[in-house]
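# Got a sequence here, can you build the structure:
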Amino acid sequence: MTTTELDPVFASGLRDALVAHVEGTARLRRRWSWGLGLGLLAGTGVLAGGVAVAATLLSAPGGTVNVSLGAPVTVTRTGTGTVALGSPPAGTTGISWALTCLSAGSFTFTGPGGAIVTCGAGSHSSDVQPLRPGQTSITVATGPSVSWKLQAEYVKTVATPFGVNAKGETYGVPKDLNGTPDLQEAPLSAGVPGGYLTTKQLDCASGGDVANPTQAIAWDKFSEHTNTVIPVYKIDGSTVIGSYVVGPTGPGVRTVPLSTIAKRFCTSTRTPSTTVVIPNVVGEPEAMAASTLEALGLVAQETYASSPAVPQGALVAETPSPGAKAPKGALVVLTVSTGPPTGS
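Prediction:
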């Protein structure tokens, strides 16, 4: 068995990124502080290092790959040793290494981003650590009788291109080297592997579209106990295949459709008026129905009524009726069931 321990800052970013993608427990909620006229992200976030590693592991468009810049150096040693790699080629960003533990022990790779590896005989471990200024070697510290084999080489980390759908929208994972695509891969917690969130809607739902300090203060208060449902699309950026919740979860937290957020805090999600066909959302849960309408550019307005037949929280009716045509931005009134009438 091999155990690799990254430096605390880097490990924190990697852990958060992998949890968000694999376990799906992360929920975005952006809190704003304002200074010098600029909005600064002051809430939960994932470090760039963690995102880069997660993107590489998931091999998504926009992720990163490490390109070899020369022949690897392979050595076999016992005890602490330094492996000389020569002068790094132009453009080098890191050192990629692969360790084979020839005997059981603990190994420490010195320098920023260096890992600690604990393994048994015959185990393997690998990593890429950043190249520090003037570095021409890599040092492995271990016990005097512990044997190991190391292959190391200089690499350059580059971003893979985003994909482009039929509408010309880019898709993939956000990356510092690449910017942000129009469609971002949805976390697996959305329950729709291969689904995408639009960057504009995600930014709106997480508080990234506030325009001034007054709105920022209102957003912090509003989003303290509120989360937002946004659509999950196919790669075409149009077909809705699910939904995703952005914001806090737990007792006392209410869920609202994106339209509720957009009307107060967002500008980037507003769409030019064109005609759309109103979908049939009768029977759907309130948040899901409102999210479906919002994905088409319609604005949902909820009203409530008792119903002996429709479960509480589901749609009893909608106006205009399903199949009617309306311009984008039109209001659709959703009648939400409050359950059976009192006393029934």
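# and this structure, what are its domains?
The chain breaks down into these domains under automatic domain parsing: 2-159, 271-344.
# Distance to residue 201 and mean neighbour count added to those domains, as JSON lines?
The C-beta positions use only the backbone N, C-alpha and C, and glycine is treated the same way. Formatted as JSON lines, the domains of the chain follow (distance: least, Cβ to Cβ, whole Å; neighbours: other Cβ atoms under 10 Å):
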{"stretch": "domain 2-159", "distance to residue 201": "12", "mean neighbour count": "16"}
{"stretch": "domain 271-344", "distance to residue 201": "8", "mean neighbour count": "16"}
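# Using TSV, lay out the ones you listed together with distance to residue 167 and mean pLDDT.
Shown next, in TSV, are these (distance: least, Cβ to Cβ, whole Å; pLDDT from 0 to 100):
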stretch	distance to residue 167	mean pLDDT
domain 2-159	16	70
domain 271-344	14	84
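# got those as CSV, with distance to residue 205 columns?
Converted to CSV, the domains of the chain look like this (distance: least, Cβ to Cβ, whole Å):
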stretch, distance to residue 205
domain 2-159, 7
domain 271-344, 10
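# out of those, which comes closest to residue 258?
domain 271-344 (4.5 Å; Cβ to Cβ).
# in its sheet, what does the longest strand that the chain contains sit against?
In the chain, taking DSSP state E as the definition, the longest strand is strand 147-159. Strand pairing for strand 147-159, determined by DSSP bridges: strand 64-68 (antiparallel), strand 73-78 (antiparallel), strand 94-101 (antiparallel).
# distance between the second one and the chain's centre?
Read that as strand 73-78. 39 Å (Cα atoms, centre = their mean, to the nearest Å).
# With the last one instead?
Averaging C-alpha coordinates over strand 94-101 and over its chain gives two centres that are 28 Å apart (Cα atoms, centre = their mean).
# Run through the strands of the stretch 201-344 of the chain in chain order.
Using DSSP state E, counting those that start in this stretch, the strands found in the stretch 201-344 of the chain span residues 226-233, 240-246, 254-257, 275-277, 299-305, 315-319, 325-327, 331-337.
# From the rest of the structure, what touches the fourth one?
Pointing back at strand 275-277 there. With contact meaning Cβ atoms under 8 Å, 6 or more residues apart in numbering, strand 275-277 is reached by 296-298, 323-328.
# rerun that using 6 Å as the cut-off
Around strand 275-277, the neighbours that count as contacts under Cβ atoms under 6 Å, 6 or more residues apart in numbering are 296, 325, 327-328.
# go on, the last one?
When contacts are taken as Cβ under 6 Å, 6+ apart, the neighbours of strand 331-337 outside the stretch itself are 286, 289, 293, 298-305, 307, 310, 312, 314-319.
# residue contacts, residue 142?
80, 105, 107.
# Excluding chain neighbours, give the residue nearest to it in space.
Excluding its sequence neighbours, the residue lying closest to residue 142 (Cβ to Cβ, 6 or more residues apart in numbering) is residue 107, at 4.8 Å.
# Name the helix or strand for that neighbour, please.
strand 105-109 (DSSP states H and E).
# Please put the alpha-carbon coordinates of the helix or strand just after that strand into CSV.
Sequence order places strand 116-119 as the next helix or strand after strand 105-109, per DSSP H and E. Included here for strand 116-119 are C-alpha records, laid out as CSV according to Å, rounded to 0.1, in the frame of the first residue of the first chain:
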residue,chain,number,x,y,z
ILE,A,116,5.5,12.6,1.6
VAL,A,117,5.2,8.9,0.5
THR,A,118,4.8,5.9,2.8
CYS,A,119,4.9,2.6,1.0
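# what are the pairing partners of strand 116-119, and which direction each?
Assessed with DSSP bridges, strand 116-119 is paired to strand 2-5 (antiparallel), strand 105-109 (antiparallel).
# ok, and what's touching the last one?
With Cβ under 6 Å, 6+ apart as the contact definition, strand 105-109 has outside contacts at 115-118, 140-143, 146.
# Make sure residue 184 is actually in contact with residue 200.
No: contact criterion Cβ atoms under 6 Å: residue 184 and residue 200 do not qualify, at 10.4 Å.
# among the strands paired with strand 147-159, which is nearest residue 229?
Using Cβ to Cβ, the nearest of the strands paired with strand 147-159 to residue 229 is strand 64-68, at 31.0 Å.
# For the closest one, what is the distance to the chain centroid?
On Cα atoms, centre = their mean, the centre of strand 64-68 falls 21 Å from that of its chain.
# go on, stretch 259-268?
Here the centre of mass of C-alpha atoms in stretch 259-268, compared against the chain's by Cα atoms, centre = their mean, lies 21 Å away.
# returning to what we had before: let's have the strands of the stretch 201-344 of the chain in CSV, adding distance to residue 65.
As requested, the strands of the stretch 201-344 of the chain are arranged in CSV below (distance: least, Cβ to Cβ, whole Å):
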stretch, distance to residue 65
strand 226-233, 26
strand 240-246, 27
strand 254-257, 38
strand 275-277, 40
strand 299-305, 42
strand 315-319, 46
strand 325-327, 45
strand 331-337, 45
